[in-house]
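> can you look at this prediction? I've put the sequence above it.
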Amino acid sequence: MKVVAAILHLHGFIVIHSSGQLITSSSNFIKQGHVSDTKDLCVFSVHTLEIKSLGECALYCGMNLLCNAFDFCHFEGSLICRLRYGHAKLSNTTTQCELYEITTNKYCPNGFFLRAHGICKDDNLALHSPTTMSSVYADPVYAYQRLGNGSLAVNGEVRPDDTECAVTNEDLYPFLTIDLLDRFHVGRVVFTNRKTSEFRLHDLNVTVGTDGSNFGCFCGFFKGPGTSHQVVNMTCQETCRGRYVRLQIVSGREFLQLCEVEVYSICE
């Protein structure tokens with residue numbers, strides 16, 4: 001009871017620990033089993049606990065809107081709290097770390113609940129995410145093809161008749177930027193070329209940034225030229241943690257045309 005009272009005083013939350021379940025005024029956590037003692041890339045924050053209680057770790061997670069689970073670890077006399085997102089792989093042996101997953105009113109069987117925005121995130125982080133482009137192609141002669149803004153590149157559809165594609169004007173260094181809505185470890189980017197004018201996809205840089213203007217982490221480069229409806233599955237050359245993914249032609253003036261873009265975390 002003294003531990004609970006201390007937590008209540010520090011954070012303004014009530015914590016109850018009963019039968020493997022933690023309940024706070026904001027979140028519920030269920031013990032799922034043990035995970036590896038080695039830090040993996042699904043873990044985005046690590047805390048050494050001062051109060052040394054399971055409840056304190058739950059509160060760290062409950063107050064972080066990206067956290068979907070936490071590891072409660074005993075290392076050489078210290079209690080460590082590791083916050084994570086996504087789904088962790090459970091260990092088939094007993095380790096020093098126990099995994100507790102958050103339960104919410106949203107169930108996301110193929111992804112996770114992004115509490116910061118109250119939405120389900122698919123394993124494809126780009127799906128239905130906000131986008132910006134250097135420009136939007138608007139020639140009325142081609143209106144029937146539905147060549148338009150970036151939302152058409154993240155709607156989950158690739159049609160054989162070459163519609164539903166995001167296309168820019170002939171810009172200098174044209175780009176498409178996808179806002180993932182939070183910071184993730186980006187491990188893979190998949191993009192689909194148009195069926196026609198396929199040669200226009202070339203010299204494409206894929207980078208990741210923490211804000212919408214600086215893209216300091218390099219994922220990969222596609223030399224091209226692309227082929228008809230080509231699907232490029234690009235594994236990032238370095239681990240990039242960021243919120244924004246940019247695809248940009250870096251060789252001069254060109255039309256950027258992408259029928260679909262998918263982004264996957266390294267801990268998918």
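Looks like it arrived, so ask away.
> quick one: residues contacting the nearest residue to residue 151 once chain neighbours are set aside.
Nearest residue to residue 151, sequence neighbours excluded (CB to CB, 6 or more residues apart in numbering): residue 131, at 6.1 Å. All C-beta spots, glycine's among them, are computed from the backbone N, C-alpha and C. Residues near residue 131 by CB atoms under 8 Å, 6 or more residues apart in numbering: 149-151, 153-154, 166, 176-179.
> separation between residue 131 and residue 34?
As for residue 131, its distance to residue 34 is 40 Å (criterion: CB to CB, to the nearest Å).
> for residue 127, same thing?
According to CB to CB, residue 127 stands 32 Å off from residue 34.
> ok so residue 151 is a helix residue?
Yes. Under DSSP: H, G, I helix; E, B strand; the rest coil, residue 151 sits within a helix.
> is residue 100 in contact with residue 34, as I believe?
No. Counting by CB atoms under 8 Å, residue 100 does not reach residue 34; the two are 11.1 Å apart.
> so between the two, which is more surrounded?
Each of residue 100 and residue 34 has its neighbours counted (other CB atoms under 10 Å); residue 100 has more, 23 against 18.
> any idea which element the more buried one lies in?
strand 97-103 (DSSP states H and E).
> partners of that strand in the sheet?
Paired strands of strand 97-103, with direction, are strand 28-35 (antiparallel), strand 69-75 (antiparallel) (DSSP bridges).
> for the protein, give me the ranges with low pLDDT.
Along the chain, segments meeting pLDDT under 70 span 1-27, 86-87, 104-112, 115-117, 140-146, 267-268.
> could you list the domains of it?
2-120, 131-265 (automatic domain parsing).
> now the strands: where do they sit in the stretch 1-150 of the chain?
In the stretch 1-150 of the chain, the strands defined using DSSP state E, counting those that start in this stretch lie at 16-18, 21-23, 28-35, 43-48, 69-75, 78-84, 97-103, 111-114, 119-122, 131-133, 147-148.
> close enough to count as contact, residue 262 and residue 124?
Yes. Under the criterion of CB under 8 Å, residue 262 makes contact with residue 124 at 4.6 Å.
> what's the first helix or strand after the host helix or strand of residue 186?
Residue 186 belongs to strand 175-192 when assigned by DSSP H and E. Downstream of strand 175-192, the first helix or strand assigned by DSSP H and E is strand 204-209.
> count of residues packed around the residue nearest to residue 179 when sequence neighbours are not counted?
Nearest non-adjacent residue to residue 179, counting by CB to CB, 6+ apart: residue 130, 4.3 Å away. As a burial measure, residue 130 scores 14 neighbours (other CB under 10 Å).
> now do residue 89
11.
> for it, phi and psi?
phi -90, psi 120 (degrees, to the nearest 10).
> so what's it up against?
35-36.
> could you measure from the residue nearest to residue 200 when sequence neighbours are not counted over to residue 161?
Among residues not flanking residue 200 along the chain, residue 255 sits closest, at 5.1 Å (CB to CB, 6+ apart). Residue 255 is 19 Å from residue 161, where distance means CB to CB.
> quick revisit: by neighbour count, which of the contacts of residue 131 wins?
Top of the contacts of residue 131 by neighbour count (other CB under 10 Å): residue 153, with 29 neighbours.
> could you list which residues are in contact with the spatially closest residue to that residue that is not a sequence neighbour?
Spatial nearest neighbour of residue 153, chain neighbours left out: residue 166 (3.8 Å); criterion: CB to CB, 6+ apart. Residues near residue 166 by CB under 8 Å, 6+ apart: 131, 133, 147-153, 176, 256-259.
> identify the bridge partners of residue 166.
With DSSP bridges as the rule, residue 166 is bridged to residue 148, residue 258.
> how close does it get to residue 174?
Residue 166 is 11 Å from residue 174, by CB to CB.
> list the buried residues of the strand holding residue 100.
97-102 (16 or more other CB atoms under 10 Å).
> one more: stretch 234-249?
Going by 16+ other CB under 10 Å, stretch 234-249 has these buried residues: 234, 236, 240, 242-249.
> ditto for stretch 67-86
67-73, 79-86.
> mind picking the one among those that's closest to residue 39?
residue 82 (6.8 Å; CB to CB).
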